[in-house]
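> when you get a sec, could you give me coordinates for this:
(one chain, ligands or ions: 2)
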Amino acid sequence: MKASIADSGQPIIETIEMTKRFGPTLALDKVNLRIYRGHILGLIGENGSGKSTISSIIAGMQPPTEGSMLYRGEPHSPHTMIEAGKAGIGMIVQEQGYVSGITISENIFLGEEGRFRKLLAISKGAMNRAAKTALEKIGLNDIDPSMLIDELDLQDRKLIELARVMINDPEVLIVDETTTALSQHGRDITYSIMRRMRDEGKAVIFISHDLEELMEICDTMTVLRDGRLITTLEKNDFDAGVIKTNMVGRDMGDKYYREDYSSQVSSDVLLDVENITTGSGLLMNFSLTLHKGEILGIGGLSHCGMHELGKAVFGEEKLLTGKVTHVPSGDIIDTAKKALKHSMGYVSKDRDKEALVLAASIKDNIVCAGLDKVNTGPFIFPKTEDGYVNAQVKNLSIKCASISQNVQYLSGGNKQKVVFGKWVGRDCEILILDCPTRGVDVGVKAAMYQLIEDMKKAGKAIIMISEELTELIGMSDRLLILKDGQLAGEFNRSRELSEQHIVECMI
Ligand SMILES: Nc1ncnc2c1ncn2[C@@H]1O[C@H](COP(=O)(O)OP(=O)(O)OP(=O)(O)O)[C@@H](O)[C@H]1O
Ligand SMILES: [Mg+2]
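Ligands and ions are numbered 1, 2, ... in the order given. As a prediction, the model looks like this:
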C-alpha cells in the first residue's frame, strides 16, 4: 500500500508562492506545490495553465519572477539545467530536448565529454560504449549510439533524452508531456522507470493530458488552472469527472467522439493509393482508397509505417513502386505542391521540425497555408487576414497574448492548435492528420473532434493517423491497421468494435 501524503514527511521539493510573468501573461500565480519521496505526482491542467513553466523553474531552465523553492529542506535556486541536474533533478522537456547534427552518444553525454578525455582527445569509442550501456539500462537494446540523432524518429529521440537524464541517477525526475510522442513500447519504458524511481524512494513529476494514464500511474495529482494551483487529490479520490471540472472550472458534459454509427460515406473515391513501397522500406506494396465524406483511421505499433504513409499520400516520400492518384482529376500526387494544388492538407506529427515556423508569428503560420483563401482578389488586406486568423484562434481557443506573438513562446498544446488551425481553416478537400490531438487538453480535443466531424459532414475526406486506439475507434468510418508496412486488419465503424479486436492484429 502506498504511503499517503499525510505520512510522507517533509516534501523533497516545495515551491513557495511561486510566481512567473511573461510580459502581460501571468503564467504562475503564487503556486505552493509539494512533491514527496516515494510518489509519482501527476500535473494536469488545460493548455497554457503553467505546467511546463513550473517544471522548468524546478529544473533550472528559468528563474521565477517571485517566490522561492526548497529542495530536501534547503533553499534551491538553480541557474541552469546542468546545475539542477548535478543536484539530482532531471527533466525530459516537452519540446525538442536534443542537439541536432551530432551523434546519439554525443547527445547522451552532452556537457560531460570530459569523462572520456584521454590526454588531449575525447575517446569516441569509450563514449559509444558508455552510451550503449546507458541505452540498455532503460531497455533500448537495438540502437547504435554512433548514429546521428537526426536519423531517429520522434519517439526514439525522446527515449534518448530519457537515457541521458537517467545516467545521472536523479532523485527527482520530471517527465513533461512526453508519452504522447511515444507508442506503447516507449510508454512502457517510461512507466517502468518512473515506478522504479518511486519504489526507490525518489520522486517523479509526470505531466500528461491523458487522464486515464495519469490515474493509473500517479499516486497524487495536482490540478493547475490559469497559473493557479486548484487542488491536489490522492489516488483514492481520483475521479475523471472531478478532475476535469477542476481543470476547466465548469462541468464538461460527456460528448467527446462522434455519436453516429450509421456511417454515411459516399461511393466516390477521392484518392487511390496503389501498391506503394517507400524508399525507407517502411511501407511495402500498400494500397488504400479514400472516399468523399470518409474518416479513414490508420493505426498500428511504432515503426509500422503509418507516419510514412501520411507523408507518402501527401507526396513527400520517395516511392520505389506504386502511385498515389487524385481520382477526380486523374493527377498523380508525387510532390507536396501537387497535393496542395488538389486541396490537400497535412498535419505532421513532428510539429516543431515539420509543421511550424517557430520564429514566426501565429498569424503568419496560420495564414501561410490559407493564403489562397484569404487572397481572393489582387490585394491582400491585413484586415481580412486578421479576421481569418482570429476565427481559428477562437475556434480552437488558442491561448496567446496576440496573433502577432511568436509561436515558439506558446505552450506545447497551443502550438499544436496552431498547426491544426493552419490546415483546418484552409478548408481542404482531403486532410491528412498525423496525431492531431497530441498534447492538447481534453476540452480542445473535444473541439477538434467536432471540427473533424463537421468536415466529414461537409463531404471532406480525412485520413486520421493515431497512436490512440480509443480515438481511432471513436472517430473512424473505417480503420486500417498496419503491421511491418503492410495491411494487417480492416474494421468498419461499429458499436461493438473494441480495442481488444484491434490489438490482436497489431502485434
Ligand atoms: N517564454 C515565454 N514567453 C512568453 N510566454 C510564455 C513563455 N513560456 C510560457 N509562456 C506562456 O505562459 C503560459 C503557461 O505556459 P506553459 O507552457 O507553462 O503551459 P502548459 O500548462 O505547459 O501548457 P501545455 O499543456 O499546452 O503544454 C502560456 O500562456 C504561455 O503562452
Ligand atoms: Mg507544457
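
> for stretch 39-50, measure first residue to last.
21 Å (CA to CA, to the nearest Å).

> would it count as contacting ligand 1?
Yes. Using CB under 6 Å from any ligand atom, we find that stretch 39-50 touches ligand 1 at Gly45, Asn47, Gly48, Ser49, Gly50. (Each C-beta comes from the backbone N, C-alpha and C, glycine too.)

> tell me the mean pLDDT for that stretch?
The average pLDDT within stretch 39-50 is 95.

> just give me how far that stretch sits from the chain centre.
Centre-to-centre, stretch 39-50 and its host chain are 15 Å apart (CA atoms, centre = their mean, to the nearest Å).

> what residues does the chain put near ligand 1?
Counting by CB under 6 Å from any ligand atom, the positions of the chain adjacent to ligand 1 are 22, 25, 27, 45, 47-53, 94, 177, 399, 409-414.

> determine which two of the residues of stretch 39-50 next to ligand 1 are furthest apart.
The span of the residues of stretch 39-50 next to ligand 1, defined through CB to CB, is set by Asn47 and Gly50 at 10.5 Å.

> and those two? Which one has more around it.
Gly50 (26 against 23; other CB atoms under 10 Å).

> please look at the more buried one and Leu28 and confirm they touch.
Yes. Taking CB atoms under 8 Å as the definition, Gly50 is a contact partner of Leu28 at 4.8 Å.

> buried residues in stretch 60-71?
For stretch 60-71, burial by neighbour count (16 or more other CB atoms under 10 Å) applies to Gly60, Met61, Pro64, Gly67, Met69, Leu70, Tyr71.

> from the residues you listed, which land in strands?
Among these, the members found in strands (DSSP state E) are Gly67, Met69, Leu70, Tyr71.

> of all those, which comes closest to Arg438?
Among those, and counting by CB to CB, the member closest to Arg438 is Met69, at 30.2 Å.

> and for Gly50 and Leu28, which residues touch both?
The contact sets of Gly50 and Leu28 overlap at Lys20, Gly227 (CB atoms under 8 Å, 6 or more residues apart in numbering).

> so where do the strands sit in the stretch 1-150 of the chain?
Applying DSSP state E, counting those that start in this stretch to the stretch 1-150 of the chain gives strands spanning 13-22, 25-31, 34-35, 39-44, 66-71, 74-75, 89-92, 117-118, 121-122.

> where does pLDDT dip in the stretch 101-250 of the chain?
250 (pLDDT under 70).

> what residue in it comes nearest to ligand 2?
Per CB to the ion, Glu177 is where the stretch 101-250 of the chain lies closest to ligand 2, at 5.6 Å.

> quick check: that residue touching Ser208?
Yes. Judged on CB under 8 Å, Glu177 makes contact with Ser208 at a distance of 6.2 Å.

> which element is Leu290 on?
strand 286-291 (DSSP states H and E).

> and if you look at Cys505?
helix 499-506.

> what's the neighbour count on whichever residue of the chain sits closest to ligand 2?
Closest residue of the chain to ligand 2, CB to the ion: Ser52 (3.1 Å). When neighbours are defined as other CB under 10 Å, Ser52 has 23 of them.
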